[in-house]
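Visitor: no letters, just coordinates:
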């Protein structure tokens, strides 16, 4: 799959996750970069599709903190780690 298709799927799933909205997390497609996650107006990090997996790189880091194989895993990580309650 192409990165744009996979990242579009992730954006849709993250944007329709009610808990993320309740927690004040914003999800935005960042053209040619990935999926930007922000909370309270501050960037938290970026999901990108590379080498057949989603990789999450926290804001300010140069390497991904985690790589997962599915949209569902990326959503769960976002809920638990990136934008926790």
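Guide: Okay, I see it. As the structure is a computational prediction, the values presented were derived from the model and not from experiment.

Visitor: quick one, what contacts residue 10?
Guide: Contacts for residue 10 (C-beta atoms under 8 Å, 6 or more residues apart in numbering) come out as 35, 47, 49, 54, 71, 74-75. For every residue, glycine as well, the C-beta is placed using N, CA and C.

Visitor: for the closest residue to residue 46 other than its chain neighbours, what are its contacts?
Guide: Counting by C-beta to C-beta, 6 or more residues apart in numbering, residue 46 lies nearest to residue 34, which is 4.7 Å off, once chain neighbours are set aside. Under the criterion of C-beta under 8 Å, 6+ apart, the contact list for residue 34 reads 3, 7, 46-49.

Visitor: surely residue 82 and residue 43 touch.
Guide: No - counting by C-beta atoms under 8 Å, residue 82 stays clear of residue 43, with 10.6 Å between them.

Visitor: so which of those two has more stuff around it?
Guide: Taking neighbours as other C-beta atoms under 10 Å, residue 82 and residue 43 compare with residue 82 leading, 23 against 15.

Visitor: now that one: how far from residue 3?
Guide: Relative to residue 3, residue 82 is positioned 19 Å away (criterion: C-beta to C-beta, to the nearest Å).

Visitor: cool, and residue 14?
Guide: For residue 14, the distance to residue 3 - C-beta to C-beta - is 16 Å.

Visitor: those two: who's more crowded?
Guide: Using other C-beta under 10 Å as the criterion, residue 14 and residue 3 rank with residue 14 on top: 24 against 14.

Visitor: tell me the SS of the more buried one?
Guide: In the three-state summary, residue 14 is assigned as helix, counting by DSSP: H, G, I helix; E, B strand; the rest coil.

Visitor: would you turn the contacts of residue 10 into JSON lines with distance to residue 60?
Guide: Putting these into JSON lines (distance: C-beta to C-beta, whole Å) gives the following:
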{"residue": "35", "distance to residue 60": "17"}
{"residue": "47", "distance to residue 60": "16"}
{"residue": "49", "distance to residue 60": "21"}
{"residue": "54", "distance to residue 60": "19"}
{"residue": "71", "distance to residue 60": "25"}
{"residue": "74", "distance to residue 60": "20"}
{"residue": "75", "distance to residue 60": "23"}
